[in-house]
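**Q** fold the following.
(2 chains)
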Amino acid sequence: MDMRTPLAKVRGLGSAKSGTEHFWRVRTTAVVLVPLTLFYIVFLIAHAGAPYEVVVAALVNPFVCVITALTIVASIVHMQLGMEEIIQDYIHSEGLKVALLLLNAFFSLFIGGLCLFAALKIAFAG
Amino acid sequence: MSNVTNGRPLSPHLQIYKFVPTMAMSIVHRITGGALYFGTILVAAWLVAAASGKESFDWVNAIYGSFLGQLVLFGYTWAMIHHLLGGLRHIAWDLGYGFEKHFANKLARLSVISSAALTVLVWIAILIVR
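**A** Residues are numbered from 1 along each chain as shown, chains lettered A, B, ... in the order given. Model (predicted):
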């Protein structure tokens, strides 16, 4: 006998209530980060150790700015989800786990906010 | 939870299993992921410095250009490339390919060798461009 309600069955989300969303978001961000990372490796090869004027001139370019912003957004989502998995796997005390999950969310957002603001400021104000 | 599991058999832990390359790669994938997580601080510092002006950028550039800075960035490059290659392996597995054990072990060994080789190549390219 199936004890699940028709609504639960049609949603297909299981007991965790979020289904495969975590898994799926890790994968979508991972796939998009492959070309973005490759772009950035080439970009950094070209600009590592370059003087201020050269680096800023490169980051002002709208294409580079958009790629930078997309890389930042995809990276912080991917890294927050990844660290979430590590915390949930290794931290067994409930209080510490919740605290670290919060800290993880704040850290990711903080880093993302800093990078996004910096990238946009360079693009708009030099 | 401790009262529930008291006295019940535990599942075998890491030391019980034979060491295999895929296992090492799984652990290294986590470790490099964690390193990249904290490495974003370096990226943020670099971008914020570039947005703040020449003086702060030159300051960060000098730190990153020092011997210790270059060493950390070299490690960061390897972590990035290794995590990228490990991620590609995981995508293949997610799609259902590459589970045959000899192939998976070969691929695990290959990803260490190729991540190291690619890291060195990237740094040679950096030195040539500079």
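
**Q** now residue B:12: phi and psi?
**A** The phi/psi pair for residue B:12 (degrees, to the nearest 10) reads phi -60, psi 140.

**Q** the one 5 residues further on now?
**A** Residue B:17 has phi and psi values of phi -90, psi 150 when expressed as degrees, to the nearest 10.

**Q** just give me the neighbour total for it.
**A** Residues near residue B:17, counting by other C-beta atoms under 10 Å in any protein chain shown, number 9. (Each C-beta comes from the backbone N, C-alpha and C, glycine too.)

**Q** what's it in contact with, if anything?
**A** residue B:23 (C-beta atoms under 8 Å, 6 or more residues apart in numbering or on different chains).

**Q** residue B:104 is in what secondary structure piece?
**A** Using DSSP states H and E, residue B:104 falls within helix B:101-129.

**Q** packing partners of that helix?
**A** Helix B:101-129 sits against helix A:21-47, helix B:21-52, helix B:67-94, with contacts defined as 3 or more C-beta pairs under 8 Å, 6 or more residues apart in numbering or on different chains; DSSP states H and E.

**Q** now tell me which helix or strand of chain A has the poorest mean pLDDT.
**A** Among the helices and strands of chain A, helix A:6-11 carries the lowest confidence by mean pLDDT, DSSP states H and E, at a mean of 79.

**Q** show me how far that helix is from its chain's centre.
**A** 30 Å (C-alpha atoms, centre = their mean, to the nearest Å).

**Q** re the thing from before, and residue B:14, which of the helices and strands packed on helix B:101-129 is closest to it?
**A** Between residue B:14 and the helices and strands packed on helix B:101-129, the shortest gap by C-beta to C-beta is with helix B:21-52, which sits at 8.5 Å.

**Q** between that closest one and helix A:21-47, how many degrees?
**A** Angle of helix B:21-52 versus helix A:21-47, following axes from the mean of the first three to the mean of the last three C-alpha atoms, to 10 degrees, is 60 degrees.

**Q** by contact count, what packs against the helix or strand following helix B:21-52?
**A** Using DSSP H and E, the helix or strand that follows helix B:21-52 in sequence is helix B:54-65. On a contact count with 3+ C-beta pairs under 8 Å, 6+ apart, helix B:54-65 meets helix A:52-60, helix B:21-52, helix B:67-94.

**Q** do you know which of those helices lies nearest residue A:28?
**A** helix B:67-94 (10.9 Å).

**Q** hmm, back to that, in the helix holding residue B:104, which residues are buried?
**A** Neighbour-count burial for helix B:101-129 flags B:104, B:107, B:108, B:111, B:112, B:115, B:118, B:119, B:122, B:123, B:125, B:126 (criterion: 16 or more other C-beta atoms under 10 Å in any protein chain shown).

**Q** okay, the angle between it and helix B:21-52?
**A** 30 degrees.

**Q** longest helix in chain A, by number of residues?
**A** helix A:94-125 (DSSP state H).

**Q** quick check, pLDDT for residue A:1.
**A** In this model, residue A:1 is scored at 68, pLDDT.

**Q** and if you look at the one 4 residues further on?
**A** With respect to pLDDT, residue A:5 has a value of 82.

**Q** I'd like to know how many residues surround the closest residue to residue A:27 other than its chain neighbours.
**A** Nearest residue to residue A:27, sequence neighbours excluded (C-beta to C-beta, 6 or more residues apart in numbering or on different chains): residue B:94, at 6.4 Å. Number of residues near residue B:94 (other C-beta under 10 Å) recorded here: 13.

**Q** now do the one 3 residues further on
**A** Other residues within reach of residue B:97, judged by other C-beta under 10 Å, total 11.

**Q** go on, residue A:49?
**A** Residue A:49, neighbours per other C-beta under 10 Å, totals 15.
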